[in-house]
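> okay, sequence plus prediction incoming.
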Amino acid sequence: MKKFLAIFLIGMVVIVGALFFHRWSEALLQGESPSQDQASERSLPQRDKRITESGRTAPVSNGSTGILLVNASNQLPQNYKPVELLRLYEQKGRHFQLAESDIEVCATVFDAMERMFAAAGRDDVSGFIITSGYRSFAEQAEIFATDKNGNAARPGTSEHETGLAFDVTAYGKKNFERTPQFAWLSKHCAEYGFIIRYPQGKEDVTGYPYEPWHYRYVGSPAAKEIMDKGIALEEYLEQS
Ligand SMILES: [Zn+2]
């Protein structure tokens, strides 16, 4: 009786084992490997890649808008270099001043800044000082490493690495938000394609505290919609 039971159990183990092996080999043949990677790839937001004029590959957040989204969960590659960076110091006859001589932004952004600050001047609002523009991955890494307050963005996740953003202040003023320069910019920036990238009340969406001094170029139809609706860039990209 014991012998019979032992043979029966061994037989069961062999049958169950064979069944498992059969299923496993079938799955392998059909390419059904454990699909954790595939599942997480599918759950990522829709992304595509765009080849820029210089042949570099730039990640684009949303194929239909072509607007570059950079935040904690949308990182730029380490070797990302914006196209056509201009050194603002070399652009003579500018309608704004510079806090440093090595500030750069993309050519398109400079054109829009020029038109915007010239228009502000016609409305008798001047004294804008640009304090920051493009930063390389290495520069952002240095800022991040030496930041004592924990406010600096991780390298690869700062908008300044796109060449599409600038920080501004007003001559002789500490609190930019209380200046006529800010009042003018917040009212008119969208006409020139700029948005207040980190608006008040959207801290949970952008992951940043309110920054009245940080402007991001997105082009004017998008900028107008974002500023009119009072939404964050993340929300705009989600709906379009
Ligand atoms: Zn900034």
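Thanks, I have it.
> what about residue 123, neighbour count?
For residue 123, the neighbour count with other Cβ atoms under 10 Å is 11. For the C-beta atoms, the positions are set from N, CA and C on the backbone; glycine is no exception.
> distance check, it against residue 166.
20 Å (Cβ to Cβ, to the nearest Å).
> ok, residue 69 next?
18 Å.
> more neighbours: those two, which one.
Applying other Cβ under 10 Å to residue 69 and residue 166 shows that residue 166 carries more neighbours, namely 27 against 21.
> residues from this protein in reach of the ion?
With the criterion set to Cβ under 5 Å from the ion, the chain comes near the ion through 167, 214.
> what are the ranges of the helices in the chain?
2-29, 36-43, 107-122, 137-146, 180-188, 203-206, 220-229, 233-239 (DSSP state H).
> and the ones you listed, which one averages the lowest pLDDT?
For the helices of the chain, mean pLDDT drops lowest on helix 36-43, to a mean of 32.
> which residue, other than its chain neighbours, is closest to the most centrally placed residue in the chain?
A centroid search over the chain (Cα atoms, centre = their mean) returns residue 70, at 0.8 Å, as the residue closest to the centre. Closest residue to residue 70 apart from its sequence neighbours, by Cβ to Cβ, 6 or more residues apart in numbering: residue 159 at 5.2 Å.
> can you check residue 106 too?
For residue 106, the spatially nearest residue (Cβ to Cβ, 6+ apart) is residue 163, at 4.2 Å.
> for residue 173, report the pLDDT, please.
On the pLDDT scale, residue 173 is placed at 84.
> right, I mislabeled it, should have said residue 49
For residue 49, pLDDT reads 36.
> the closest residue to the ion within the chain: what's it in contact with?
Using Cβ to the ion, residue 214 is the residue of the chain that sits closest to the ion, at 3.6 Å. By Cβ atoms under 8 Å, 6 or more residues apart in numbering, the contact set of residue 214 is 159, 165-167, 196-198.
> surely residue 125 and residue 186 touch.
No: assessed by Cβ atoms under 8 Å, residue 125 is found out of contact with residue 186, at 11.7 Å.
> compare neighbour counts for the two and give me the winner.
Between residue 125 and residue 186, residue 125 has the larger neighbour count (other Cβ under 10 Å), namely 19 against 15.
> residues contacting that one?
Residues in contact with residue 125 (Cβ under 8 Å, 6+ apart) are 180-181, 184.
> name the nearest residue to it, sequence neighbours excluded.
Excluding the flanking residues, the one nearest residue 125 by Cβ to Cβ, 6+ apart is residue 184, at 4.3 Å.
> OK, contacts around the one you found?
By Cβ under 8 Å, 6+ apart, the contact set of residue 184 is 120, 123, 125.
> please repeat the previous calculation with a cut-off of 10 Å.
Residues near residue 184 by Cβ atoms under 10 Å, 6 or more residues apart in numbering: 116-117, 119-120, 123-126, 128.
> pick out the most distant pair among these.
116 and 124 (14.8 Å; Cβ to Cβ).
> from memory residue 231 sits against residue 218, does it?
No: Residue 231 is beyond contact range of residue 218, at 12.0 Å (criterion: Cβ atoms under 10 Å).
> and for these two, which residues touch both?
Residues touching both residue 231 and residue 218 (Cβ under 10 Å, 6+ apart): 195, 225, 237.
> so how many other residues sit close to residue 190?
Around residue 190 there are 21 residues (other Cβ under 10 Å).
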